[in-house]
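> Got a sequence here, can you model it:
(one chain, ligands or ions: 1)
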Amino acid sequence: MNAAHPTTHVVRDLRKLCRFLGLKEPDISWSVEVNRRSLEDSRAFCEVHSNNRMVIHCSHGLARLPRKNRLGVLLHELGHVYGSIDEVEADTWVVTNCPEAGFKYIPRVSYLHPSLNRKVTARNVQSVADGFPLFLDART
Ligand SMILES: [Zn+2]
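Numbering: from 1, shown residues only. From the prediction side, this is the model:
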């Protein structure tokens, strides 16, 4: 049996979020630049550029986050895509447009950094609540 590509679940999570919200799905780009930044900043998972908001540039660390944090980060990025480039306004977009998520920040989240090949801790990472339907729906 073939193992799934390690990042397939990230694409699938973004697709499910966009279907849930009735939004056109942005593209995911695995970014050398964000990966490089993540070596020094364990919280560097994604960025959206104002000149082309339909692309979410991601580090491979995103694939290693606990799923509720990955969904939270992706929701925040959708806040940039469909709301604003501004950080606070992106979160406001999430809370307004996806109240079901129970969107919040978690003080510390550890994950296995794919390039450093050791566990790192990121502070203040986005998350969805344990009761969010998409989080419970992890196997489909
Ligand atoms: Zn942001």
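> Can you give me the buried ones in the longest helix anywhere in the chain?
Counting residues, the longest helix in the chain under DSSP state H turns out to be helix 67-82. In terms of neighbour count (16 or more other C-beta atoms under 10 Å), helix 67-82 has its buried residues at 68-82. Any C-beta I mention is one placed from the backbone N, CA and C, and that applies to glycine too.
> now stretch 74-87, how far from the centre of its chain.
Stretch 74-87 sits 11 Å away from the centroid of its parent chain (C-alpha atoms, centre = their mean, to the nearest Å).
> Stretch 105-120 now?
Chain-centre distance of stretch 105-120: 14 Å, with C-alpha atoms, centre = their mean.
> Stretch 62-79 now?
Relative to the mean C-alpha coordinate of its chain, stretch 62-79 is positioned 2 Å out (C-alpha atoms, centre = their mean).
> Now Y105. Nearest residue, chain neighbours left out?
Residue nearest to Y105 in three dimensions, not counting chain neighbours: N124, with 5.1 Å by C-beta to C-beta, 6 or more residues apart in numbering.
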